[in-house]
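Engineer: please work out how this folds:
(one chain, ligands or ions: 3)
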Amino acid sequence: MERAAAIIPAAQVEEQLEHCRAIAGLTGQWAGEKPLAFVDTYGCQQNEADSERVRGYLEAMGFGFTNDEERARIIVINTCAIREHAEQRVFGNVGALVHVKRRHPDTLICLCGCMVQQPHAAKKLRESYRHVDLVFGPHALWRFPEMIHTLLTRRGRMFLTPDEPGSIAEGIPVVRQDSVRAWVSIMYGCDNFCSYCVVPYVRGRERSRRPEDILAEVRQLVGEGYRDITLLGQNVNSYGKDLDEPMDFSDLLERVNAVPGDFLIRFMTSHPKDATLRLFETMARCEKVAPALHLPFQAGNDRILKVMNRKHTRAEYLEKIRQLKELIPDIVLTSDIIVGFPGETTEEFEDTLKVLEEVRFDALFTFIYSPRQGTPAASMDDPMPREEKLANFNRLTALQDRISEEKHAAYVGRTARCLIDGASDDERYDLTARTPGNRLVRVVGADARPGQFRDVRITDSNKWSLFGELI
Ligand code: SAH
Ligand code: SF4
Ligand code: F3S
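Structural biologist: Ligands and ions are numbered 1, 2, ... in the order given. So this is what the prediction gives:
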(Lines give C-alpha, C1' and ligand atoms only; values in the text may rest on other atoms or scores of the structure.)
(Ligands and ions follow the chains in the order given, each with its own letter.)
Protein backbone atom coordinates (compact mmCIF):
# COMPACT_ATOMS: atom_id res chain seq x y z
CA MET A 1 0.00 0.00 0.00
CA GLU A 2 1.02 3.61 -0.57
CA ARG A 3 2.68 4.64 2.69
CA ALA A 4 2.21 8.40 2.33
CA ALA A 5 -1.54 7.88 1.91
CA ALA A 6 -1.71 5.87 5.15
CA ILE A 7 -0.30 8.60 7.38
CA ILE A 8 -2.87 10.91 8.93
CA PRO A 9 -1.47 14.46 8.85
CA ALA A 10 -0.77 15.92 12.31
CA ALA A 11 -3.20 18.78 11.60
CA GLN A 12 -6.05 16.28 11.26
CA VAL A 13 -5.27 14.66 14.62
CA GLU A 14 -5.10 18.19 16.06
CA GLU A 15 -8.61 18.79 14.69
CA GLN A 16 -9.79 15.78 16.66
CA LEU A 17 -8.27 17.28 19.80
CA GLU A 18 -10.18 20.48 19.04
CA HIS A 19 -13.36 18.41 18.99
CA CYS A 20 -12.33 17.08 22.42
CA ARG A 21 -11.98 20.61 23.76
CA ALA A 22 -15.34 21.60 22.28
CA ILE A 23 -16.95 18.55 23.92
CA ALA A 24 -15.29 19.42 27.24
CA GLY A 25 -16.97 22.84 26.90
CA LEU A 26 -20.34 21.15 26.42
CA THR A 27 -19.98 18.59 29.19
CA GLY A 28 -18.79 21.34 31.54
CA GLN A 29 -22.29 22.82 31.26
CA TRP A 30 -24.03 19.56 32.19
CA ALA A 31 -25.55 19.63 35.65
CA GLY A 32 -23.96 17.58 38.41
CA GLU A 33 -20.54 15.98 38.75
CA LYS A 34 -17.87 15.23 36.18
CA PRO A 35 -19.37 13.05 33.42
CA LEU A 36 -18.24 9.43 33.38
CA ALA A 37 -17.49 6.92 30.64
CA PHE A 38 -17.48 3.14 30.68
CA VAL A 39 -15.05 1.33 28.35
CA ASP A 40 -15.15 -2.44 27.97
CA THR A 41 -12.65 -4.36 25.84
CA TYR A 42 -12.83 -7.79 24.21
CA GLY A 43 -10.10 -9.53 22.25
CA CYS A 44 -6.36 -9.15 22.06
CA GLN A 45 -3.72 -6.68 23.23
CA GLN A 46 -4.18 -4.64 20.05
CA ASN A 47 -7.70 -3.99 21.20
CA GLU A 48 -6.49 -3.17 24.72
CA ALA A 49 -4.11 -0.65 23.16
CA ASP A 50 -6.93 0.82 21.08
CA SER A 51 -9.10 1.16 24.18
CA GLU A 52 -6.30 3.10 25.84
CA ARG A 53 -6.58 5.58 22.95
CA VAL A 54 -10.36 5.73 23.31
CA ARG A 55 -9.87 6.49 27.01
CA GLY A 56 -7.24 9.08 26.14
CA TYR A 57 -9.70 10.89 23.90
CA LEU A 58 -12.47 10.57 26.51
CA GLU A 59 -10.26 12.10 29.17
CA ALA A 60 -9.47 14.98 26.81
CA MET A 61 -13.26 15.42 26.41
CA GLY A 62 -13.54 15.92 30.16
CA PHE A 63 -14.72 12.44 31.13
CA GLY A 64 -13.75 10.37 34.14
CA PHE A 65 -14.18 6.58 34.18
CA THR A 66 -16.55 4.14 35.86
CA ASN A 67 -17.13 0.39 35.86
CA ASP A 68 -20.86 0.92 36.26
CA GLU A 69 -22.83 1.27 33.02
CA GLU A 70 -25.69 2.93 34.92
CA ARG A 71 -23.50 5.88 35.86
CA ALA A 72 -21.88 6.31 32.45
CA ARG A 73 -22.85 9.01 29.99
CA ILE A 74 -20.81 7.31 27.26
CA ILE A 75 -20.48 3.52 26.97
CA VAL A 76 -17.85 2.14 24.58
CA ILE A 77 -17.63 -1.56 23.84
CA ASN A 78 -14.49 -2.46 21.89
CA THR A 79 -15.28 -5.75 20.17
CA CYS A 80 -13.44 -8.78 18.80
CA ALA A 81 -14.33 -11.05 15.89
CA ILE A 82 -11.72 -13.78 16.14
CA ARG A 83 -14.16 -16.55 17.07
CA GLU A 84 -17.93 -16.97 17.09
CA HIS A 85 -17.94 -17.07 20.88
CA ALA A 86 -16.33 -13.60 21.11
CA GLU A 87 -19.14 -12.21 18.92
CA GLN A 88 -21.91 -13.94 20.83
CA ARG A 89 -20.68 -12.45 24.08
CA VAL A 90 -20.67 -8.97 22.58
CA PHE A 91 -24.17 -9.32 21.14
CA GLY A 92 -25.42 -10.70 24.46
CA ASN A 93 -23.97 -7.85 26.49
CA VAL A 94 -24.99 -5.16 24.02
CA GLY A 95 -28.50 -6.59 23.97
CA ALA A 96 -28.69 -6.17 27.74
CA LEU A 97 -27.77 -2.48 27.41
CA VAL A 98 -31.24 -1.79 26.01
CA HIS A 99 -32.43 -1.47 29.64
CA VAL A 100 -29.69 1.03 30.46
CA LYS A 101 -30.69 3.07 27.41
CA ARG A 102 -34.34 2.98 28.50
CA ARG A 103 -33.47 4.29 31.96
CA HIS A 104 -30.92 6.82 30.66
CA PRO A 105 -31.90 7.86 27.11
CA ASP A 106 -29.06 10.43 26.99
CA THR A 107 -26.37 7.81 27.45
CA LEU A 108 -24.46 7.25 24.21
CA ILE A 109 -23.86 3.59 23.42
CA CYS A 110 -20.88 3.09 21.12
CA LEU A 111 -19.46 -0.08 19.57
CA CYS A 112 -16.07 -0.22 17.94
CA GLY A 113 -13.36 -2.74 17.10
CA CYS A 114 -12.97 -5.70 14.80
CA MET A 115 -16.44 -7.23 15.06
CA VAL A 116 -18.27 -4.16 13.82
CA GLN A 117 -15.95 -3.83 10.83
CA GLN A 118 -17.60 -6.93 9.36
CA PRO A 119 -20.53 -5.90 7.12
CA HIS A 120 -22.83 -8.63 8.51
CA ALA A 121 -22.27 -7.49 12.10
CA ALA A 122 -22.75 -3.81 11.26
CA LYS A 123 -25.99 -4.70 9.46
CA LYS A 124 -27.28 -6.66 12.44
CA LEU A 125 -26.50 -3.75 14.76
CA ARG A 126 -28.17 -1.28 12.43
CA GLU A 127 -31.34 -3.34 12.11
CA SER A 128 -31.79 -5.11 15.42
CA TYR A 129 -29.87 -3.10 18.05
CA ARG A 130 -31.49 0.27 17.67
CA HIS A 131 -30.33 1.45 21.10
CA VAL A 132 -26.76 1.55 19.78
CA ASP A 133 -25.93 5.13 18.80
CA LEU A 134 -22.48 4.86 17.28
CA VAL A 135 -20.64 2.09 15.44
CA PHE A 136 -17.11 2.62 14.16
CA GLY A 137 -14.43 0.26 12.90
CA PRO A 138 -10.69 0.21 13.70
CA HIS A 139 -9.93 2.45 10.70
CA ALA A 140 -12.17 5.21 12.03
CA LEU A 141 -10.99 5.16 15.65
CA TRP A 142 -8.78 8.21 15.26
CA ARG A 143 -11.96 10.19 14.42
CA PHE A 144 -13.80 9.20 17.63
CA PRO A 145 -14.00 12.80 19.02
CA GLU A 146 -15.55 14.13 15.83
CA MET A 147 -18.20 11.38 15.93
CA ILE A 148 -19.05 12.04 19.58
CA HIS A 149 -19.22 15.77 18.92
CA THR A 150 -21.71 15.18 16.11
CA LEU A 151 -23.85 12.89 18.26
CA LEU A 152 -23.91 15.34 21.16
CA THR A 153 -24.99 18.22 18.96
CA ARG A 154 -27.61 16.54 16.78
CA ARG A 155 -29.94 13.56 17.06
CA GLY A 156 -29.54 10.29 15.19
CA ARG A 157 -27.26 7.30 14.90
CA MET A 158 -23.90 7.05 13.19
CA PHE A 159 -22.14 4.18 11.42
CA LEU A 160 -18.55 4.65 10.30
CA THR A 161 -16.94 1.43 9.08
CA PRO A 162 -15.08 2.45 5.92
CA ASP A 163 -13.54 -0.43 4.00
CA GLU A 164 -10.00 0.89 3.57
CA PRO A 165 -6.43 -0.37 3.84
CA GLY A 166 -5.99 1.52 7.14
CA SER A 167 -3.96 4.42 8.48
CA ILE A 168 -1.36 5.48 11.03
CA ALA A 169 -2.30 8.35 13.34
CA GLU A 170 0.29 9.70 15.78
CA GLY A 171 -0.45 12.00 18.69
CA ILE A 172 -3.67 10.42 19.98
CA PRO A 173 -3.68 10.74 23.79
CA VAL A 174 -3.68 7.51 25.83
CA VAL A 175 -4.88 6.60 29.30
CA ARG A 176 -3.12 3.39 30.27
CA GLN A 177 -4.64 0.71 32.48
CA ASP A 178 -1.46 -0.26 34.31
CA SER A 179 1.54 1.53 35.79
CA VAL A 180 4.19 -1.18 35.34
CA ARG A 181 3.41 -2.89 32.04
CA ALA A 182 2.64 -1.00 28.85
CA TRP A 183 1.64 -1.84 25.27
CA VAL A 184 3.29 -0.09 22.37
CA SER A 185 1.83 -0.76 18.93
CA ILE A 186 4.64 -0.87 16.40
CA MET A 187 2.52 -1.80 13.42
CA TYR A 188 -1.09 -2.33 12.43
CA GLY A 189 -2.94 -4.72 10.14
CA CYS A 190 -2.03 -8.08 8.69
CA ASP A 191 -1.21 -9.26 5.16
CA ASN A 192 -0.96 -12.97 5.85
CA PHE A 193 -4.50 -14.12 5.18
CA CYS A 194 -4.29 -17.40 7.09
CA SER A 195 -7.33 -19.16 5.66
CA TYR A 196 -9.28 -19.31 8.96
CA CYS A 197 -8.63 -15.76 10.15
CA VAL A 198 -10.74 -12.62 10.03
CA VAL A 199 -8.03 -10.18 11.14
CA PRO A 200 -6.73 -9.15 7.67
CA TYR A 201 -10.30 -8.29 6.64
CA VAL A 202 -11.04 -6.11 9.64
CA ARG A 203 -7.65 -4.58 10.45
CA GLY A 204 -6.47 -3.70 6.96
CA ARG A 205 -3.02 -3.92 5.40
CA GLU A 206 0.28 -4.07 7.24
CA ARG A 207 1.71 -0.67 8.08
CA SER A 208 4.57 0.22 10.40
CA ARG A 209 4.93 3.18 12.71
CA ARG A 210 8.12 5.17 12.23
CA PRO A 211 10.93 4.03 14.53
CA GLU A 212 11.33 7.60 15.88
CA ASP A 213 7.72 7.61 17.06
CA ILE A 214 8.07 4.19 18.69
CA LEU A 215 11.32 5.13 20.41
CA ALA A 216 9.89 8.41 21.69
CA GLU A 217 6.96 6.50 23.21
CA VAL A 218 9.26 3.94 24.82
CA ARG A 219 11.51 6.66 26.27
CA GLN A 220 8.51 8.42 27.72
CA LEU A 221 7.14 5.20 29.24
CA VAL A 222 10.47 4.33 30.83
CA GLY A 223 10.65 7.87 32.21
CA GLU A 224 7.19 7.43 33.72
CA GLY A 225 8.33 4.25 35.51
CA TYR A 226 7.03 1.52 33.18
CA ARG A 227 9.25 -1.53 33.48
CA ASP A 228 7.74 -4.05 31.08
CA ILE A 229 7.07 -2.91 27.55
CA THR A 230 5.38 -5.12 24.97
CA LEU A 231 5.79 -4.21 21.32
CA LEU A 232 2.58 -5.11 19.52
CA GLY A 233 1.64 -6.16 16.02
CA GLN A 234 -0.21 -9.07 14.38
CA ASN A 235 3.11 -10.16 12.96
CA VAL A 236 5.94 -8.07 14.37
CA ASN A 237 8.43 -9.95 12.22
CA SER A 238 7.23 -8.11 9.16
CA TYR A 239 7.88 -4.73 10.81
CA GLY A 240 9.51 -2.14 8.58
CA LYS A 241 8.76 -3.58 5.16
CA ASP A 242 6.81 -0.46 4.22
CA LEU A 243 9.15 2.13 5.77
CA ASP A 244 11.14 4.57 3.62
CA GLU A 245 14.19 3.86 5.76
CA PRO A 246 15.08 0.19 5.30
CA MET A 247 14.94 -1.59 8.64
CA ASP A 248 13.43 -4.75 10.08
CA PHE A 249 12.15 -5.92 13.45
CA SER A 250 15.60 -6.99 14.65
CA ASP A 251 16.90 -3.47 13.96
CA LEU A 252 13.99 -2.03 15.89
CA LEU A 253 14.61 -4.34 18.86
CA GLU A 254 18.23 -3.24 18.90
CA ARG A 255 17.18 0.41 18.99
CA VAL A 256 14.58 -0.11 21.72
CA ASN A 257 17.18 -2.04 23.69
CA ALA A 258 19.48 1.00 23.50
CA VAL A 259 16.92 3.21 25.31
CA PRO A 260 18.49 3.92 28.72
CA GLY A 261 16.79 2.50 31.82
CA ASP A 262 16.03 -0.73 33.66
CA PHE A 263 13.15 -2.32 31.79
CA LEU A 264 12.13 -5.45 29.89
CA ILE A 265 11.14 -5.66 26.25
CA ARG A 266 8.56 -8.18 25.09
CA PHE A 267 6.81 -8.47 21.75
CA MET A 268 3.88 -10.25 20.17
CA THR A 269 2.91 -11.83 17.92
CA SER A 270 5.61 -13.45 15.82
CA HIS A 271 4.75 -15.47 12.75
CA PRO A 272 7.07 -18.47 12.35
CA LYS A 273 7.45 -18.00 8.60
CA ASP A 274 9.67 -14.97 9.13
CA ALA A 275 11.03 -15.45 12.63
CA THR A 276 14.67 -15.60 11.56
CA LEU A 277 17.96 -16.69 13.04
CA ARG A 278 18.89 -13.00 12.93
CA LEU A 279 15.93 -12.26 15.22
CA PHE A 280 16.98 -15.00 17.66
CA GLU A 281 20.56 -13.70 17.69
CA THR A 282 19.28 -10.20 18.36
CA MET A 283 17.12 -11.48 21.23
CA ALA A 284 20.10 -13.29 22.71
CA ARG A 285 22.35 -10.23 22.42
CA CYS A 286 19.94 -7.55 23.68
CA GLU A 287 19.98 -7.73 27.47
CA LYS A 288 16.60 -6.01 27.91
CA VAL A 289 14.75 -8.35 25.58
CA ALA A 290 12.96 -10.90 27.76
CA PRO A 291 13.83 -14.59 27.22
CA ALA A 292 10.34 -15.36 25.97
CA LEU A 293 8.81 -16.00 22.59
CA HIS A 294 5.19 -16.48 21.65
CA LEU A 295 5.42 -18.35 18.34
CA PRO A 296 2.04 -19.70 17.21
CA PHE A 297 2.24 -22.86 15.15
CA GLN A 298 -1.51 -23.63 14.92
CA ALA A 299 -1.15 -27.25 13.77
CA GLY A 300 1.51 -29.94 13.59
CA ASN A 301 0.52 -31.51 10.30
CA ASP A 302 2.00 -30.21 7.05
CA ARG A 303 -1.14 -30.73 4.98
CA ILE A 304 -3.17 -28.73 7.50
CA LEU A 305 -0.53 -26.01 7.73
CA LYS A 306 -0.68 -25.69 3.96
CA VAL A 307 -4.47 -25.38 3.82
CA MET A 308 -4.23 -22.89 6.69
CA ASN A 309 -1.90 -20.87 4.43
CA ARG A 310 0.68 -20.60 7.20
CA LYS A 311 3.60 -20.79 4.74
CA HIS A 312 5.85 -23.00 6.89
CA THR A 313 6.18 -26.70 7.60
CA ARG A 314 6.43 -28.56 10.87
CA ALA A 315 10.13 -29.31 10.23
CA GLU A 316 10.88 -25.64 9.58
CA TYR A 317 9.11 -24.69 12.79
CA LEU A 318 10.98 -27.27 14.84
CA GLU A 319 14.29 -26.19 13.33
CA LYS A 320 13.62 -22.60 14.39
CA ILE A 321 12.84 -23.73 17.92
CA ARG A 322 16.06 -25.75 17.97
CA GLN A 323 18.12 -22.71 16.91
CA LEU A 324 16.42 -20.55 19.48
CA LYS A 325 16.94 -22.99 22.35
CA GLU A 326 20.60 -23.28 21.42
CA LEU A 327 21.04 -19.49 21.59
CA ILE A 328 18.81 -18.91 24.65
CA PRO A 329 18.64 -22.12 26.71
CA ASP A 330 16.20 -20.71 29.29
CA ILE A 331 13.79 -19.36 26.65
CA VAL A 332 10.13 -19.51 27.69
CA LEU A 333 8.04 -20.67 24.74
CA THR A 334 4.31 -20.23 24.23
CA SER A 335 2.12 -20.84 21.22
CA ASP A 336 -1.40 -20.78 19.77
CA ILE A 337 -3.09 -23.91 18.47
CA ILE A 338 -6.30 -24.52 16.55
CA VAL A 339 -7.99 -27.89 16.94
CA GLY A 340 -10.57 -29.10 14.44
CA PHE A 341 -9.62 -27.08 11.37
CA PRO A 342 -11.90 -28.15 8.47
CA GLY A 343 -10.86 -31.58 7.24
CA GLU A 344 -8.26 -32.20 9.99
CA THR A 345 -8.44 -35.89 10.89
CA THR A 346 -7.66 -37.21 14.34
CA GLU A 347 -4.50 -38.75 12.93
CA GLU A 348 -3.41 -35.35 11.60
CA PHE A 349 -4.30 -33.77 14.93
CA GLU A 350 -1.92 -36.21 16.62
CA ASP A 351 0.94 -34.49 14.78
CA THR A 352 0.10 -31.45 16.88
CA LEU A 353 0.54 -33.53 20.04
CA LYS A 354 3.95 -34.66 18.76
CA VAL A 355 5.05 -31.04 18.42
CA LEU A 356 4.02 -30.42 22.03
CA GLU A 357 6.08 -33.37 23.22
CA GLU A 358 9.07 -32.25 21.23
CA VAL A 359 9.05 -28.50 21.98
CA ARG A 360 7.65 -28.65 25.52
CA PHE A 361 6.01 -25.23 25.55
CA ASP A 362 5.67 -23.48 28.89
CA ALA A 363 2.05 -22.61 28.13
CA LEU A 364 -0.40 -22.70 25.25
CA PHE A 365 -3.44 -20.83 24.02
CA THR A 366 -5.70 -23.48 22.52
CA PHE A 367 -8.81 -22.91 20.42
CA ILE A 368 -11.42 -24.99 18.68
CA TYR A 369 -11.75 -23.85 15.07
CA SER A 370 -14.55 -21.35 14.58
CA PRO A 371 -15.77 -20.55 11.04
CA ARG A 372 -15.52 -16.84 10.18
CA GLN A 373 -17.71 -15.41 7.44
CA GLY A 374 -15.80 -14.43 4.32
CA THR A 375 -12.66 -16.45 5.07
CA PRO A 376 -11.64 -19.31 2.73
CA ALA A 377 -11.80 -21.92 5.51
CA ALA A 378 -15.45 -21.13 6.19
CA SER A 379 -16.45 -22.74 2.90
CA MET A 380 -14.24 -25.82 3.30
CA ASP A 381 -15.69 -29.23 4.04
CA ASP A 382 -15.78 -29.79 7.79
CA PRO A 383 -17.04 -33.33 8.37
CA MET A 384 -15.68 -34.02 11.89
CA PRO A 385 -18.44 -33.99 14.53
CA ARG A 386 -18.07 -31.50 17.34
CA GLU A 387 -17.72 -34.24 19.99
CA GLU A 388 -14.65 -35.60 18.24
CA LYS A 389 -13.10 -32.13 18.03
CA LEU A 390 -13.82 -31.65 21.71
CA ALA A 391 -12.24 -35.00 22.57
CA ASN A 392 -9.10 -33.99 20.65
CA PHE A 393 -9.11 -30.60 22.30
CA ASN A 394 -9.26 -32.27 25.72
CA ARG A 395 -6.35 -34.54 24.85
CA LEU A 396 -4.35 -31.49 23.84
CA THR A 397 -5.04 -29.53 27.02
CA ALA A 398 -4.40 -32.58 29.22
CA LEU A 399 -1.00 -33.08 27.62
CA GLN A 400 -0.11 -29.41 27.91
CA ASP A 401 -1.26 -29.28 31.54
CA ARG A 402 1.17 -32.09 32.34
CA ILE A 403 4.03 -30.34 30.50
CA SER A 404 3.27 -26.95 32.12
CA GLU A 405 3.17 -28.59 35.53
CA GLU A 406 6.53 -30.27 34.95
CA LYS A 407 8.12 -27.12 33.58
CA HIS A 408 6.87 -25.07 36.51
CA ALA A 409 8.06 -27.69 39.01
CA ALA A 410 11.58 -27.28 37.62
CA TYR A 411 11.64 -23.69 38.95
CA VAL A 412 11.21 -24.80 42.56
CA GLY A 413 14.36 -24.11 44.57
CA ARG A 414 15.65 -21.60 42.04
CA THR A 415 15.89 -17.84 42.48
CA ALA A 416 14.65 -15.55 39.74
CA ARG A 417 14.85 -11.80 39.29
CA CYS A 418 11.18 -10.97 39.00
CA LEU A 419 9.25 -7.83 38.23
CA ILE A 420 6.73 -7.08 40.96
CA ASP A 421 3.59 -6.04 39.13
CA GLY A 422 0.71 -5.87 41.57
CA ALA A 423 -1.12 -7.00 44.67
CA SER A 424 -2.13 -10.68 44.82
CA ASP A 425 -5.82 -11.55 44.79
CA ASP A 426 -4.99 -14.64 46.89
CA GLU A 427 -4.82 -13.71 50.60
CA ARG A 428 -1.99 -16.18 51.28
CA TYR A 429 0.28 -14.10 49.05
CA ASP A 430 1.08 -10.40 49.17
CA LEU A 431 2.14 -9.68 45.61
CA THR A 432 2.21 -10.92 42.07
CA ALA A 433 5.35 -10.87 40.00
CA ARG A 434 6.60 -12.10 36.65
CA THR A 435 9.73 -14.04 35.86
CA PRO A 436 11.79 -12.65 32.97
CA GLY A 437 10.08 -15.28 30.81
CA ASN A 438 6.69 -13.90 31.95
CA ARG A 439 5.55 -16.75 34.18
CA LEU A 440 3.24 -15.60 36.97
CA VAL A 441 4.62 -15.82 40.53
CA ARG A 442 2.58 -15.28 43.68
CA VAL A 443 4.92 -13.87 46.26
CA VAL A 444 5.06 -13.75 50.07
CA GLY A 445 6.75 -10.62 51.41
CA ALA A 446 5.32 -7.18 51.82
CA ASP A 447 8.34 -4.91 51.49
CA ALA A 448 8.24 -4.52 47.73
CA ARG A 449 6.43 -2.17 45.42
CA PRO A 450 5.02 -2.75 41.94
CA GLY A 451 7.64 -1.74 39.41
CA GLN A 452 10.60 -3.12 41.37
CA PHE A 453 12.80 -5.93 40.12
CA ARG A 454 13.40 -8.27 43.06
CA ASP A 455 14.98 -11.66 43.64
CA VAL A 456 12.32 -14.23 44.44
CA ARG A 457 13.01 -17.75 45.68
CA ILE A 458 10.54 -20.14 44.06
CA THR A 459 9.11 -22.44 46.69
CA ASP A 460 6.17 -24.14 44.99
CA SER A 461 4.29 -24.43 41.69
CA ASN A 462 1.24 -25.80 39.92
CA LYS A 463 0.25 -26.00 36.29
CA TRP A 464 -0.77 -22.34 36.09
CA SER A 465 1.75 -20.49 38.18
CA LEU A 466 4.71 -20.34 40.54
CA PHE A 467 4.83 -19.44 44.24
CA GLY A 468 7.74 -17.86 46.05
CA GLU A 469 9.15 -15.52 48.67
CA LEU A 470 11.07 -12.27 48.45
CA ILE A 471 14.74 -12.49 49.29
N1 SAH B 1 -1.37 -12.76 14.43
C2 SAH B 1 -1.30 -13.82 15.34
C3 SAH B 1 -2.62 -14.37 15.79
C4 SAH B 1 -3.72 -13.48 16.16
S5 SAH B 1 -5.24 -14.28 16.47
C6 SAH B 1 -0.54 -14.97 14.68
O7 SAH B 1 -0.64 -15.16 13.49
O8 SAH B 1 0.09 -15.69 15.37
C9 SAH B 1 -4.84 -15.27 17.88
C10 SAH B 1 -5.09 -16.71 17.69
O11 SAH B 1 -6.46 -16.98 17.52
C12 SAH B 1 -4.45 -17.34 16.46
O13 SAH B 1 -3.10 -17.60 16.62
C14 SAH B 1 -5.26 -18.60 16.30
O15 SAH B 1 -4.72 -19.66 17.05
C16 SAH B 1 -6.61 -18.21 16.87
N17 SAH B 1 -7.62 -18.08 15.82
C18 SAH B 1 -7.64 -17.19 14.81
N19 SAH B 1 -8.71 -17.39 14.02
C20 SAH B 1 -9.38 -18.45 14.53
C21 SAH B 1 -10.57 -19.16 14.17
N22 SAH B 1 -11.27 -18.83 13.09
N23 SAH B 1 -10.95 -20.19 14.95
C24 SAH B 1 -10.24 -20.55 16.05
N25 SAH B 1 -9.12 -19.92 16.43
C26 SAH B 1 -8.69 -18.88 15.68
FE1 SF4 C 1 -4.64 -13.96 11.48
FE2 SF4 C 1 -2.66 -15.21 10.29
FE3 SF4 C 1 -2.67 -12.55 10.37
FE4 SF4 C 1 -2.25 -13.96 12.59
S5 SF4 C 1 -0.93 -13.89 10.78
S6 SF4 C 1 -3.61 -12.21 12.35
S7 SF4 C 1 -3.55 -15.73 12.31
S8 SF4 C 1 -4.09 -13.86 9.27
FE1 F3S D 1 -9.99 -9.96 18.08
FE2 F3S D 1 -9.38 -8.02 16.43
FE3 F3S D 1 -7.62 -8.84 18.17
S4 F3S D 1 -10.49 -9.84 15.93
S5 F3S D 1 -8.11 -10.96 18.48
S6 F3S D 1 -9.53 -7.89 18.65
S7 F3S D 1 -7.20 -8.08 16.13
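
Engineer: quick check: residues of this structure near ligand 2?
Structural biologist: For the chain, the contact set with ligand 2 under Cβ under 6 Å from any ligand atom comprises 190, 192, 193, 194, 197, 199, 200, 234, 235, 271. The C-beta positions use only the backbone N, C-alpha and C, and glycine is treated the same way.

Engineer: neighbours of the closest residue to the third one other than its chain neighbours, just the number please.
Structural biologist: If the residues on either side of it in the chain are set aside, residue 193 comes closest to residue 200, at 5.0 Å by Cβ to Cβ, 6 or more residues apart in numbering. A count of neighbours around residue 200, defined by other Cβ atoms under 10 Å, yields 17.

Engineer: which of the residues of the chain next to ligand 2 are close to ligand 3?
Structural biologist: When contact is defined as Cβ under 6 Å from any ligand atom, the residues of the chain next to ligand 2 meet ligand 3 at residue 199.

Engineer: so who does the residue nearest to residue 193 touch?
Structural biologist: Counting by Cβ atoms under 8 Å, 6 or more residues apart in numbering, residue 200 touches 189, 190, 191, 192, 193.

Engineer: buried ones among those residues?
Structural biologist: When neighbours are counted using 16 or more other Cβ atoms under 10 Å, these contain these buried positions: 189, 190, 192.

Engineer: got those as JSON lines, with distance to residue 312 and pLDDT columns?
Structural biologist: Formatted as JSON lines, the buried ones among the contacts of residue 200 follow (distance: Cβ to Cβ, whole Å; pLDDT from 0 to 100):
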{"residue": "189", "distance to residue 312": "21", "pLDDT": "96"}
{"residue": "190", "distance to residue 312": "16", "pLDDT": "96"}
{"residue": "192", "distance to residue 312": "11", "pLDDT": "96"}
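
Engineer: closest one of those to ligand 3?
Structural biologist: residue 190 (8.1 Å; Cβ to the nearest ligand atom).

Engineer: what sits closest to that closest one if chain neighbours are left out?
Structural biologist: The shortest distance from residue 190 to any non-neighbouring residue, by Cβ to Cβ, 6+ apart, is to residue 234 (3.9 Å).

Engineer: burial measure for residue 442, as a count.
Structural biologist: What residue 442 shows, counting by other Cβ under 10 Å, is a neighbour count of 19.

Engineer: can you list contacts of the strand or helix carrying it?
Structural biologist: Secondary-structure assignment from DSSP states H and E places residue 442 in strand 440-444. Residues from elsewhere that reach strand 440-444, judged by Cβ under 8 Å, 6+ apart: 416, 418, 420, 424, 426, 428-435, 456, 458, 464-470.

Engineer: and the residue of the stretch 101-250 of the chain nearest ligand 3?
Structural biologist: Residue nearest to ligand 3 within the stretch 101-250 of the chain (Cβ to the nearest ligand atom): residue 114, separated by 3.2 Å.
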